[in-house]
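*Asks:* Pasted the sequence and its predicted model underneath.
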Amino acid sequence: MTPEEIEALFTRESGEFVFARWGRPIVPVVFGVEEQTLSVVKGAFEAVVALAGHKMAETDPELGANCMVFFFRDWEELLEVPDLDRLIPDLKPLVGRLVAAGANQYRVFRFDEGGAIKAAFVFLRMDDELSALPAETLALSQVVQTILLWSDTAFRAQSPLAIAGDATILRPDIAGLIRAAYDPVLPGAARDSSHALRLFARMERPQ
C-alpha cells in the first residue's frame, strides 16, 4: 500500500483529509439480533480491537455503551427507539434521507475534544443484500469500518475483506494499516494529509 493509497482512504469526497481512531476503550452493545448473532458481532469486535492493540471495556464512564449497533428491517423503526433522537440529532430527517436513498447501512461518529472517536452508532437495514451475507462477514466488515474514521468513499470500489479458502478475512493491507493507525506514538486524530506518510512508515513491509 502506497502513501497515496493510504491518503485516499481518509480523504473525503469533499477533498478533506480526516483521520481519527478511538481515544477510549470500546464498549459495544448490539440491538435487534438473536444470541447467536450477538456472539458473532462481539467476537468481531474482540478480534479487530486486539489487532489494533486497543482495548475494550465493560462500561464507558460517560456514555455507558459507546458503540451501538442496530439491526432492523425498516429505517422507520429507528424513530420508535426510546431516546435515540437525543443521541442522533435530526434523526427524523436523517431517516427520511436514508429511506429516499434506499440505503442499507449508515454510521454516525462522535468525537472528543482532541478529535478522537468517543462514540459510534452503526445502523444496518437488513435488506436482501445484507441478509444474504454470512453473519461473520457482515460483523467483521462493520467492525472494521468502525475502528477508524475512514473516508466516505474508502470501500466503494473494494471491500476491506478478502476470501481465503473457505474463510472471509480482513485484507492484509487493511489489517496492517489498522495496526499502524493505533501506534501509541501517533495522535488520535489528524487533519493534515502528511499523516498518511506517518502511517505508511509504520506499516510492516512484506519480506
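*Replies:* Right, received. Where do you want to start? Numbers count the residues shown, from 1 in each chain.

*Asks:* Give me the mean pLDDT for the longest helix belonging to the chain.
*Replies:* As assigned by DSSP state H, the longest helix anywhere in the chain is helix 35-52. The predicted model assigns helix 35-52 a mean pLDDT of 94.

*Asks:* Backbone dihedrals for Pro184, please?
*Replies:* Main-chain torsions, Pro184, degrees, to the nearest 10: phi -60, psi -20.

*Asks:* what's the helix or strand for the residue nearest the centre of the chain?
*Replies:* For the chain, the residue nearest the mean C-alpha position is Thr146 (1.2 Å; CA atoms, centre = their mean). Using DSSP states H and E, Thr146 falls within helix 135-147.

*Asks:* picking that back up, name all residues that make contact with the residue nearest to the centre of the chain.
*Replies:* Neighbouring residues of Thr146 by CB atoms under 8 Å, 6 or more residues apart in numbering: 67, 107, 120, 122. No exception for glycine: its C-beta is placed from N, CA and C like everyone else's.

*Asks:* what do you get for Val41?
*Replies:* Going by CB under 8 Å, 6+ apart, Val41 touches 28, 30, 33, 69, 135, 139, 142-143.

*Asks:* How about stretch 73-83, which residues are buried there?
*Replies:* Applying a neighbour-count criterion of 16 or more other CB atoms under 10 Å, one finds 75, 78, 81 buried in stretch 73-83.

*Asks:* Adjacent strands (with direction) for whichever helix or strand comes after the helix holding Thr146?
*Replies:* Counting by DSSP H and E, the next helix or strand C-terminal to helix 135-147 is strand 161-164. Here strand 161-164 is paired, per DSSP bridges, with strand 167-170 (antiparallel).

*Asks:* which residues touch the strand it pairs with?
*Replies:* 48, 51, 134, 136-137, 140, 144, 160-163, 178.

*Asks:* give me that answer again for 10 Å
*Replies:* Strand 167-170 has contacts (CB atoms under 10 Å, 6 or more residues apart in numbering) with 44, 47-48, 51, 133-134, 136-138, 140-141, 143-144, 159-164, 175-176, 178.

*Asks:* next one: stretch 76-94
*Replies:* For stretch 76-94, the external contacting residues (CB under 10 Å, 6+ apart) are 31-32, 63, 68, 70-72, 75, 95-99, 106, 108, 110, 119, 121, 123, 125.

*Asks:* ok, Ser202 - contacts?
*Replies:* Not quite, residue 202 is Arg, not Ser. Per CB under 10 Å, 6+ apart, neighbours of Arg202: 176-177, 179-183, 185-186.

*Asks:* at 8 Å what do you get?
*Replies:* Arg202 is in contact with 179-180, 183, 186, counting by CB under 8 Å, 6+ apart.

*Asks:* cool, and Met203?
*Replies:* Counted by CB under 8 Å, 6+ apart, Met203 has contacts 1, 176-177, 179-180.

*Asks:* How is this protein partitioned into domains?
*Replies:* 1-21+149-207, 22-147 (automatic domain parsing).

*Asks:* Just the endpoints, please. Distance across the longest one?
*Replies:* Just to be clear, that refers to domain 22-147. Domain 22-147 has an end-to-end distance of 7 Å (criterion: CA to CA, to the nearest Å).
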